[in-house]
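Undergrad: need coordinates for the below:
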Amino acid sequence: MKKRISYILIALIIVLFQMHESFAQKTIDHPIVDTDQQKFYDTIIQIVPPSNGDIFFGQDANYTGYVPSYLDNENGTVTDLVTGLMWQKSPDMDGDGDIDYDDKMSYFEAIEAVTSFDLAGYTDWRLPNIKELYSLIIFSGVDPSGYTGTSTDDLIPFIDTGYFDFAYGDQNAGERIIDAQMASSTIYVGTTMMGDHTMFGVNFADGRIKGYPTGPLPGQNEDKQFYVMYVRGDTGYGSNDYQDNGNGTVTDRSSGLMWAKNDNGSGMIWEDALDYAENTNFAGHSNWRLPNTKELQSILDYTRSPSTTNSPAIDPIFNCSEIIDEGGNTNYPFYWSGTTHVSWFQNNEGRNAAYVCFGEALGWMQMPPNSGNYVLLDVHGAGSQRSDPKTGNPDNYPYGHGPQGDVVRIFNYVRLVRDADTTLGLNENGFNDSNIQVYPNPVNNILYINNNSSEYGEIKITDINGRVMYTLNVSGHEEIKVNINNLPRGIYIIAIKNSSGYMWRNIIKQ
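TA: Below you'll find the predicted structure:
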């Protein structure tokens, strides 16, 4: 059956709705951009997509959130169609057409330079906070750590280079390939190393959040240098709006995610973490999952840390297990995500998964350097995102891994997440039917809705205000063809009803 659909006014922020007898408007203020991880991994290599009930089901690629989507404004800026934020397209700060060490700034230089930064006629640019900056990361990238070559031609960064300009570290200036750290405005409330004033940054070369000194590195006179990309738009992006549901769950109304108030209480390997999340039935819900790393990072509270608030870096509405860390001190766990941190090592590319530090990001440092005297320090700060082997024995890493001796735990904790009902736009009669296909997505011109299971009953579409703009009563299993050629770029919500209730699909018009 073919029906003509009226044009719909939309905006860049997704509006979701909750179905009762009629549609009630619910908005998602700060949707979390998906990681873009589309490949599947076991504890070593890439595998075929696991089905529900299979081993390794429930990892990041099994769940797709708000697909990354951008608009190149062709004036040196890029708009994120999910968050609504506008970004400086290139970190080429000196305007010479390449990105190298000369473009880098110290944290303090970046803060100062933005006050006079003028791009595309806008003067309200700012240095992004860590949640804004992390919204750009995609885990289709490959970590080159350990790579011994000099060519970067075949390396894949953790940012969409179809829209953003990117460069690895400037080897001609003596940098490592992975020295592509980008500055944020978020200062660690504690200190790292031996009392360093520390800024959180995102490394789009190796796919991590770490704390970096705002002053000089050891043995250097110049303050540490960073790439910079300024942002403008919603100054509240990344903030949380928590609701304690009184049943052991917490809903973040800002992102539309529901979280378990307690963690699982013990460390486990990644495979077991996936299984635990997929098979937990709690608070009347059975669709819990292991969060992807961007979802997990969204609930970090960067105003808190063990050394300053005697707490993990998370809002006290949540409960967080205490652990005894590698130095014998009270601390807080690392939490697994479902996101594989892919490495360039052939036949071993899937060995690590990303975790988020709600306690200190500890590492074993030799003090003094090369002395053999290892000291356990908070090397990168509570609020970092790093990665661990998915399985193995942590005793095999007595002094951690990497240049800062990142502690290796392997047995990490779990914080369950699910889409809150307001996010799904469904009441308890909502359902998810993989036999109903809405494609292509993203879409340019023609959208198809194809149902291979039970009969359609109704299709509805809402606008930015939650109003029902389009209703189509249908029957049978025929394919529905919708021409959206003249609609502006953005995100739309389609609700489809059958005998089981309503299901939804969000689509992106390019």
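Undergrad: residues touching the residue nearest the centre of the chain, list them.
TA: The centroid of the chain falls nearest to Lys294 when counting by C-alpha atoms, centre = their mean (2.1 Å). Lys294 makes contact with Ile32, Val33, Asp34, Thr35, Tyr134, Ser135, Ile137, Thr339, according to C-beta atoms under 8 Å, 6 or more residues apart in numbering. Using the backbone N, CA and C atoms, a C-beta is placed for each residue, glycine as well.
Undergrad: wait, isn't the second one in contact with Thr64?
TA: Yep, that's Val33 we're talking about. No: look at Val33 against Thr64 with C-beta atoms under 8 Å: they stay out of range, at 11.4 Å.
Undergrad: between these two, which one's more packed in?
TA: Val33 (22 against 15; other C-beta atoms under 10 Å).
Undergrad: what mean pLDDT does stretch 258-270 get?
TA: The pLDDT scores in stretch 258-270 average 97.
Undergrad: you'd agree Asp102 is up against Asp94?
TA: Yes: counting by C-beta under 8 Å, Asp102 touches Asp94, with 5.5 Å between them.
Undergrad: contact partners for the nearest residue to Gly238 once chain neighbours are set aside?
TA: Nearest residue to Gly238, sequence neighbours excluded (C-beta to C-beta, 6 or more residues apart in numbering): Lys131, at 2.9 Å. Taking C-beta under 8 Å, 6+ apart as the criterion, Lys131 is in contact with Thr186, Tyr237, Gly238, Gln297, Ser298, Leu300.
Undergrad: so Lys131 is in which element?
TA: helix 130-134 (DSSP states H and E).
Undergrad: let me see the mean pLDDT of that helix.
TA: Rounded mean pLDDT across helix 130-134 is 98.
Undergrad: follow-up on the earlier one: want to throw the contacts of Lys131 into a markdown table with distance to Phe411, neighbour count and pLDDT?
TA: A markdown table is the format used below for these (distance: C-beta to C-beta, whole Å; neighbours: other C-beta atoms under 10 Å; pLDDT from 0 to 100):
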| residue | distance to Phe411 | neighbour count | pLDDT |
| --- | --- | --- | --- |
| Thr186 | 29 | 26 | 98 |
| Tyr237 | 34 | 20 | 93 |
| Gly238 | 29 | 24 | 92 |
| Gln297 | 21 | 23 | 98 |
| Ser298 | 24 | 24 | 98 |
| Leu300 | 21 | 27 | 98 |
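Undergrad: returning to what we had before: chain center to the helix or strand following the helix holding Lys131, what's the gap?
TA: Per DSSP H and E, the first helix or strand lying C-terminal to helix 130-134 is strand 181-187. Centroid separation between strand 181-187 and its chain, computed with C-alpha atoms, centre = their mean, to the nearest Å, is 16 Å.
Undergrad: what count of nearby residues applies to Asn347?
TA: 9.
Undergrad: tell me the pLDDT of it.
TA: Reported pLDDT for Asn347: 90.
Undergrad: surely it touches Gln46?
TA: No: at 9.8 Å, Asn347 does not count as touching Gln46 under the criterion of C-beta under 8 Å.
Undergrad: so what pLDDT did Ile10 get?
TA: 31.
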